[in-house]
Every structure is written in C-alpha cells, then in structure tokens.
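Asker: Need coordinates for the below:
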Amino acid sequence: MTRYRNFLLLLPFFICCFSMMSAQQPAYFSGRVENTKGKLIKNVRIEVLTKNASRLKVMDGIFSFEFADKGIPSAVTIAYLANGYKMQILFYEFAPGQLAQNIIVLTRGKDSEIQMENLKILRITEGVLPK
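Answerer: Alright, predicted model coming up:
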C-alpha cells in the first residue's frame with residue numbers, strides 16, 4: 001500500500017517532466033520538390049529565408065531541416081527555385097516537436113519581375129514582406 005501511495009504522489013512529477021521533455025524537441029520539416037507529372041526536380045535550389053532553421057540538407061529534390069529554436073513555435077519562409085520552373089515562396093509555422101512532410105509542386109514557366117523583387121526583399125528582411 002505504501003508503494004502504491006508513493007507512486008501516486010510521484011506520478012504528477014513524472015508527467016510534468018515527460019511533457020517538458022517532449023516540448024523541448026525541435027520541429028523537423030522534410031519534403032520533396034516535384035513537377036506536375038510527379039517526377040522529382042533534381043536541380044532545385046532551396047533558400048531558407050529566415051535564420052532560425054538549421055541543418056538544411058538538399059539532395060536531388062528531397063530536402064529536410066530542423067529549427068534551431070527548441071521549445072517555442074517557429075516560423076520559416078522558404079523559396080523553391082529551379083531552372084525552367086516558376087518559383088514558389090511558402091510560409092510555414094511549426095509547434096515544438098512537430099514533424100511535417102510536404103510535396104512541393106513547381107509548374108513550368110518563367111518568374112515575373114514582381115516575384116523576383118519580392119524574393120530580393122525577403123532575402124534582405126529575413127523572410128518578412130513589409131506591408
């Protein structure tokens with residue numbers, strides 16, 4: 001009976017510790033960059049425009065990274081560029097410990113001057129477009 005009572009007394013402590021440990025995990029993001037036919041685009045260039053992402057790995061259209069900030073929600077702006085395809089700039093928000101996987105589809109075409117200007121602004125402002 002005493003063991004059981006001690007266990008019940010310590011149970012909230014263990015639950016609190018485990019929840020704190022799970023909140024300290026970084027958010028992890030991975031994905032694939034494909035064309036409209038579902039084939040990987042191997043010459044893709046991925047630019048993470050915010051500075052809070054770390055360990056970016058890109059290999060033949062498959063990419064992954066995680067956030068340097070642990071325990072707080074993170075946001076990131078990413079530009080996907082490939083020769084002969086229209087650029088996409090996407091904004092993501094993540095909770096601590098979240099795993100996300102996406103398939104990015106780029107369409108054939110040429111980027112407009114407005115898109116290129118937006119990319120230049122995003123590079124300067126670290127992923128935030130001024131209003």
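Asker: Which strand or helix spans the residue nearest to the spatial centre of the chain?
Answerer: The centroid of the chain falls nearest to Phe29 when counting by Cα atoms, centre = their mean (4.3 Å). Under the criterion of DSSP states H and E, Phe29 resides in strand 28-34.
Asker: quick one: the residue nearest to the centre of the chain and Ile62, what's the gap?
Answerer: 12 Å (Cβ to Cβ, to the nearest Å). The way it works is simple: take the backbone N, C-alpha and C, and place the C-beta from them, glycine included.
Asker: count of neighbours near Ile124?
Answerer: 11 (other Cβ atoms under 10 Å).
Asker: any weak-confidence spans in this protein?
Answerer: Along the chain, segments meeting pLDDT under 70 span 1-27, 53, 68-73, 131.
Asker: before we move on, the earlier item: need the next SSE after the strand holding Phe29, C-terminal direction.
Answerer: strand 45-48.
Asker: Can you give me the buried ones in that following strand?
Answerer: 46-48 (16 or more other Cβ atoms under 10 Å).
Asker: That one pairs with which strands, and in what direction?
Answerer: Next to strand 45-48 in the sheet, as set by DSSP bridges, lie strand 74-81 (antiparallel).
Asker: any residues touching the strand it pairs with, and which ones?
Answerer: 27, 29, 33, 44-50, 52-53, 67, 87-94, 96, 104, 106, 119, 122, 127-128 (Cβ atoms under 8 Å, 6 or more residues apart in numbering).
Asker: can you check stretch 82-95 too?
Answerer: 27, 29, 33, 35, 41, 43-45, 49, 67, 73-81, 100, 104, 106-111, 115-116, 118-119, 122, 127.
Asker: on that earlier part again, distance between the strand holding Phe29 and the chain's centre?
Answerer: 8 Å (Cα atoms, centre = their mean, to the nearest Å).
Asker: Hmm, Phe65 and Arg55 touching each other?
Answerer: Yes. With contact defined as Cβ atoms under 8 Å, Arg55 reaches Phe65; the gap is 5.6 Å.
Asker: Looking at those two, which is more packed in?
Answerer: Phe65 (21 against 11).
Asker: pretty sure that one is in a helix, no?
Answerer: No. Counting by DSSP: H, G, I helix; E, B strand; the rest coil, Phe65 falls outside a helix, being strand.
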